[in-house]
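Colleague: Predicted coordinates and the sequence they were generated for:
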Amino acid sequence: MSPTGETGTSSTPPRANAPAHGASTIESTPNSRGASVISENIGLLSARVKKVRPWIQRDIEQVKECKADAMLQALLQRASSAPETEQPELLQKCLKAVLPVCNGQASTALVKSSDIETALNEYVRPGVENKFYGPFIRTTNIALACLEEIKVDGMRAAVPAVDMICQQNDMPMYQTHQTAKSTRKPDVVILPLNTACTPFQDEKSGKKGGKKGKQKDNEKDNAMDNAVDNNAMDDEKDNEKRKTKRKAHMDTNATAKPKNLPWKDILASVEFKRKTPGRTKGISPPPPSYPVADHIPTKPEYLPVDHLKAEDPAPGLSQIPATQPAPDTAFLSSNLTAAQPSQGGSSSKRKATDTLESAAKKSKMDPDDTEDDKDDDLDVTVQTGLYAAEMFASNLGVNYLLNLIIIDDVMSIWYYDRQGIIQCSGINFIQDLPRFMVLLYALQRSDLHDWGRNKDFLPVQVDGKQCHKFKIKDKELGEVDLLLHTSHDERVTHYGLQGRATNVVPVTSEALAKKYGNFQDGMVAKIFWGEASRTSEPEILDKVEEIAKVHPTVQGHIPKLLWHHTFTNPTSAIREALGVLEPTKGSRVLYILVFPKLHPITKLDGRVLFDVWRQCILCHLTLWKEGVYHRDVSPGNLMWYWKDGKRIGVLNDYDLSSLANVQGPQGNERTGTVPFMARELLTEEGQRGKVKHLYRHDLESFMWGFAWVCLRYRQGVLLPRRLRPLDEWATLGAIACGEKKLVFLNDLSPFAPSDIDKLTWSVLVSCLLVLKRDADDRYYLRFQEPSDSGADQQPNAEELDPDAFLSKFTCSKSWLALSKPSQ
């Protein structure tokens with residue numbers, strides 16, 4: 001493994017070493033109340049909107065709060081000329097500076113700020129929701145044109161390379177997530193001017209945006225227009241031309257409905273709701289003038305989310321799955337349709353156990369997988385959260401996002417990152433127009449990185465396909481270059497809000513090829529937001545490699561980490577700046593790890609499936625006894641590769657693992673993947689961290705994973721939905737899934753397939769019966785009264801030696817038969 005690079009890196013992210021208050025009463029990491037782990041790769045979850053959307057809702061329910069002025073100050077600080085230096089006076093300076101714009105005293109050659117009052121007076125009239133769009137867009141765009149001329153000491157100039165503009169949408173926006181397609185319809189969006197103009201230029205030229213030639217030209221234009229280099233814009237003539245173009249768009253198309261706006265260019269969405277009184281009586285009009293004044297709290301001060309908990313779709317704590325399952329379809333969230341998943345694999349976590357097939361082999365959409373469910377039916381906070389999920393998915397390694405929710409005349413800024421969500425207190429943007437102007441002033445001076453885009457992953461075109469380039473200094477290799485093939489069919493993406501947000505991307509690298517040579521199946525990069533409080537995956541793998549040197553059952557059966565890098569951008573920083581409670585709880589940092597590509601176990605069946613599965617079990621046993629606890633065994637983490645004509649099993653993915661010498665539960669996520677978790681952990685006590693995670697729990701996960709593959713795949717292909725069992729396990733909450741597993745164990749006959757290898761079925765049945773008998777024995781042991789001497793007390797089941805517990809499974813005739821080398 002290479003040491004991490006220099007600037008902005010560390011080999012290990014900062015983390016709290018001391019257990020949290022009260023940790024002594026916790027036996028294992030309790031389930032966080034919410035969907036941080038459900039959201040993990042939620043795009044691959046085998047569910048439709050009514051099954052998946054509640055987990056987005058759970059993330060919304062956990063929203064933290066901050067004061068409006070704190071949020072404005074933080075945004076100004078980011079857009080200042082010295083963002084690393086605290087400038088607490090920025091907000092007051094900017095509030096004073098924008099007053100001429102608020103009071104109609106500012107103008108440019110093309111616009112005058114007095115028109116803002118006209119637009120606001122139109123906004124406050126009685127009417128339905130969509131009557132808000134036009135006046136708000138005009139207010140915003142006139143203000144932006146005037147604010148561009150305002151100079152404040154300590155603040156940067158406006159960023160013409162971005163040139164943000166407010167644009168009506170209210171049209172379907174589509175995005176492909178691997179083999180699935182999403183449809184969303186935000187009311188209004190903020191985006192770069194060139195992106196806003198493109199759909200109307202296409203219409204004017206008589207060509208649709210989907211035409212390849214035009215699309216390529218537009219992509220080139222946008223790439224140039226959005227480049228960080230502003231030299232061309234420095235030319236005064238070009239600057240005037242840009243302003244003229246902007247004014248023309250404001251007058252003709254900013255309030256028109258564009259077609260096919262790309263999510264990757266959306267900087268923020270703006271969602272409106274109108275209360276009943278506002279529809280009939282209107283809203284209070286703007287005051288005659290605006291002074292600099294203290295922020296006046298709105299009523300309510302924050303958008304309420306408690307009512308979401310009482311709504312039907314969102315399960316309670318007992319129903320919160322611990323980690324998003326490893327399902328096998330590419331079915332997504334609301335308004336998404338999916339095709340069958342594909343062949344292939346990688347060395348990184350596949351919460352869906354299949355990788356993507358080539359475009360030429362993609363199956364047709366399953367008509368049973370469609371549903372008519374509208375975003376309009378959702379609470380505005382959930383609706384906007386789904387837009388945030390689209391924005392996260394459309395770009396690589398996004399640091400954070402902003403969206404706006406406007407209820408009548410009260411605006412809330414919603415901040416999303418992988419640690420969670422923060423909403424600021426409401427701003428009455430009509431009565432407190434200066435604060436709205438300050439918000440626009442800060443955003444107008446924000447480059448794409450300030451908007452949350454990751455500046456380290458640079459978009460490039462390679463052979464006509466979108467890729468991302470990443471280069472960084474490395475102590476050992478000098479410079480590491482990665483070309484991330486983000487348009488590749490085998491990329492595994494994430495769809496959700498908070499959580500690890502794992503992306504697995506095929507990657508090429510001259511530096512790594514020079515060091516390691518070329519791998520037959522290539523390499524993959526795993527990009528994810530790990531919890532800062534956990535022992536990092538590279539650290540875990542260091543320990544695993546040490547064990548492999550002396551244990552043949554581990555050597556060759558673990559992933560080979562070629563290179564890794566840790567970004568020093570903890571999500572807790574913004575929370576500390578905003579004064580959010582417990583700012584470091586659940587803090588995350590971004591990792592990128594590179595591995596040789598591996599194949600998924602779901603591509604195997606019969607004897608070879610058993611053999612690879614058994615190799616992974618033996619590797620896991622040794623690691624456990626040596627103090628490395630995997631704690632997230634699932635089919636997606638069981639991989640293999642070819643060596644000397646044999647399939648070698650690999651126990652993969654250690655980002656939720658722990659070490660025996662680390663005291664106390666680490667992290668904020670409950671480890672495990674619901675369909676494969678031990679039933680004892682799928683209980684109220686287990687989900688609250690009151691059940692110690694033992695070896696037998698991980699071994700039970702191996703058994704559930706084996707059942708999952710045996711019953712749902714034939715010859716490496718996922719069965720059609722109507723023919724495969726256990727689909728609901730992937731979407732049920734922890735408690736409900738545990739109950740379903742008990743029903744399953746009590747009667748296996750309905751699940752017996754007629755076309756499965758008999759010896760494989762015999763192994764599966766014998767293993768499941770061992771699970772049932774062991775659980776029954778431990779249940780009855782609770783009620784057994786010891787004798788006075790204690791002689792007939794049975795050993796505590798929790799203290800059973802790992803080898804002894806595994807032997808309960810390996811002693812069956814079918815296990816022994818399949819363990820013999822094939823003739």
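Modeller: On my side now, so go ahead. Numbering: from 1, shown residues only.
Colleague: Distance check, Ser812 against Tyr629.
Modeller: 26 Å (C-beta to C-beta, to the nearest Å). C-beta here means a position set from N, CA and C on the backbone, and glycine is covered the same way.
Colleague: Show me which of these two is the more surrounded one.
Modeller: Tyr629 (23 against 17; other C-beta atoms under 10 Å).
Colleague: Next up, the contacts around that one.
Modeller: Leu623, Ser657, Ser658, Leu659, Ala660, His693, Asp698 (C-beta atoms under 8 Å, 6 or more residues apart in numbering).
Colleague: Could you single out the nearest of those residues to Ala254?
Modeller: Nearest to Ala254, judged by C-beta to C-beta, of the contacts of Tyr629 is Ser657 at 51.2 Å.
Colleague: what's the burial count for the closest one?
Modeller: The tally of other residues near Ser657 (other C-beta under 10 Å) stands at 22.
Colleague: That one and Asp632 touch, don't they?
Modeller: Yes - judged on C-beta atoms under 8 Å, Ser657 makes contact with Asp632 at a distance of 7.3 Å.
Colleague: what about Ala143, which SS state?
Modeller: helix (DSSP: H, G, I helix; E, B strand; the rest coil).
Colleague: what residues are up against it?
Modeller: For Ala143, counting by C-beta under 8 Å, 6+ apart, the contacting residues are Val101, Ser113, Ile116, Phe436, Met437, Leu440.
Colleague: mind putting these in JSON lines, distance to Thr673 and pLDDT included?
Modeller: Below are the contacts of Ala143 laid out as JSON lines (distance: C-beta to C-beta, whole Å; pLDDT from 0 to 100):
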{"residue": "Val101", "distance to Thr673": "53", "pLDDT": "98"}
{"residue": "Ser113", "distance to Thr673": "55", "pLDDT": "97"}
{"residue": "Ile116", "distance to Thr673": "53", "pLDDT": "98"}
{"residue": "Phe436", "distance to Thr673": "44", "pLDDT": "98"}
{"residue": "Met437", "distance to Thr673": "48", "pLDDT": "98"}
{"residue": "Leu440", "distance to Thr673": "44", "pLDDT": "98"}
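Colleague: neighbour-wise, which of those residues leads?
Modeller: That'd be Met437 among the contacts of Ala143, by other C-beta under 10 Å, with 29 neighbours.
Colleague: so it is in which element?
Modeller: helix 433-444 (DSSP states H and E).
Colleague: Can I get that helix in PDB, CA atoms only?
Modeller: The C-alpha trace of helix 433-444 is given here as PDB (Å, rounded to 0.1, in the frame of the first residue of the first chain):
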ATOM      1  CA  LEU A 433     -35.400  41.200   1.700                       C
ATOM      2  CA  PRO A 434     -31.800  42.100   2.700                       C
ATOM      3  CA  ARG A 435     -31.100  38.600   4.000                       C
ATOM      4  CA  PHE A 436     -32.400  37.100   0.700                       C
ATOM      5  CA  MET A 437     -30.100  39.500  -1.200                       C
ATOM      6  CA  VAL A 438     -27.200  38.500   1.000                       C
ATOM      7  CA  LEU A 439     -27.900  34.800   0.200                       C
ATOM      8  CA  LEU A 440     -27.900  35.600  -3.500                       C
ATOM      9  CA  TYR A 441     -24.700  37.700  -3.000                       C
ATOM     10  CA  ALA A 442     -22.900  34.800  -1.400                       C
ATOM     11  CA  LEU A 443     -24.000  32.200  -3.900                       C
ATOM     12  CA  GLN A 444     -23.200  34.500  -6.900                       C
END
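Colleague: Mind giving me the packing neighbours of whichever helix or strand comes after that helix?
Modeller: Next helix or strand after helix 433-444 toward the C-terminus (DSSP H and E): strand 458-462. Here strand 458-462 touches helix 212-225, strand 465-474, going by 3 or more C-beta pairs under 8 Å, 6 or more residues apart in numbering; DSSP states H and E.
Colleague: what's the helix holding Met437 packed up against?
Modeller: Counting by 3+ C-beta pairs under 8 Å, 6+ apart, helix 433-444 packs on helix 68-78, helix 90-97, helix 99-102, helix 133-147, strand 427-428.
Colleague: could these go into a markdown table alongside distance to Asp757?
Modeller: Formatted as a markdown table, the helices and strands packed on helix 433-444 follow (distance: least, C-beta to C-beta, whole Å):
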| stretch | distance to Asp757 |
| --- | --- |
| helix 68-78 | 59 |
| helix 90-97 | 69 |
| helix 99-102 | 75 |
| helix 133-147 | 61 |
| strand 427-428 | 65 |
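Colleague: Pick out whichever of the contacts of Ala143 sits closest to Leu396.
Modeller: Nearest member of those to Leu396, counting by C-beta to C-beta, is Leu440, at 27.6 Å.
Colleague: State the distance from that closest one to Pro821.
Modeller: Taken as C-beta to C-beta, the span from Leu440 to Pro821 is 71 Å.
Colleague: Leaving out chain neighbours, which residue sits closest to the spatially most central residue of the chain?
Modeller: The chain has Ala501 as the residue nearest its centroid, 3.3 Å off, counting by C-alpha atoms, centre = their mean. Spatially, and ignoring its direct neighbours in sequence, Ala501 is nearest to His494 (4.5 Å; C-beta to C-beta, 6 or more residues apart in numbering).
Colleague: Count the residues that sit near that neighbour.
Modeller: There are 27 residues near His494, going by other C-beta under 10 Å.
Colleague: Wasn't it part of a helix?
Modeller: No - going by three-state DSSP, the assignment for His494 is coil, not a helix.
Colleague: doesn't Asn503 make contact with it?
Modeller: Yes - using C-beta under 8 Å, His494 makes contact with Asn503 at a distance of 5.8 Å.
Colleague: pLDDT score for Ile42?
Modeller: For Ile42, the pLDDT comes out at 35.
Colleague: Over to the one 3 residues further on?
Modeller: Predicted confidence (pLDDT) for Leu45: 39.
Colleague: can you give me the strands in the stretch 451-600 of the chain?
Modeller: Listed in chain order, the strands of the stretch 451-600 of the chain (DSSP state E, counting those that start in this stretch) span residues 458-462, 465-474, 478-484, 503-508, 523-531, 563-566, 588-596, 599-600.
Colleague: Which strands or helices does the shortest one pack on?
Modeller: Translated: strand 599-600. By 3+ C-beta pairs under 8 Å, 6+ apart, strand 599-600 packs against strand 638-643.
Colleague: And for the strand it packs on, what's in contact with it?
Modeller: 345-347, 520-521, 556, 559, 596, 598-601, 604, 612-613, 616, 647-652, 705.
Colleague: The next helix or strand after that strand to strand 588-596, inter-axis angle?
Modeller: The first helix or strand that comes after strand 638-643 along the chain, using DSSP H and E, is strand 646-651. Taking axes from the mean of the first three to the mean of the last three C-alpha atoms, to 10 degrees, strand 646-651 and strand 588-596 form an angle of 170 degrees between their directions.
Colleague: Direction included, what does strand 646-651 pair against?
Modeller: Sheet partners assigned to strand 646-651 using DSSP bridges are listed as strand 638-643 (antiparallel).
Colleague: pLDDT of the strand it pairs with, averaged?
Modeller: Average pLDDT, strand 638-643: 97.
Colleague: buried stuff in it?
Modeller: Buried positions in strand 638-643, judged by neighbour count with 16 or more other C-beta atoms under 10 Å: Leu638, Met639, Trp640, Tyr641.
Colleague: Run the chain-centre distance for it.
Modeller: Strand 638-643 sits 27 Å away from the centroid of its parent chain (C-alpha atoms, centre = their mean, to the nearest Å).
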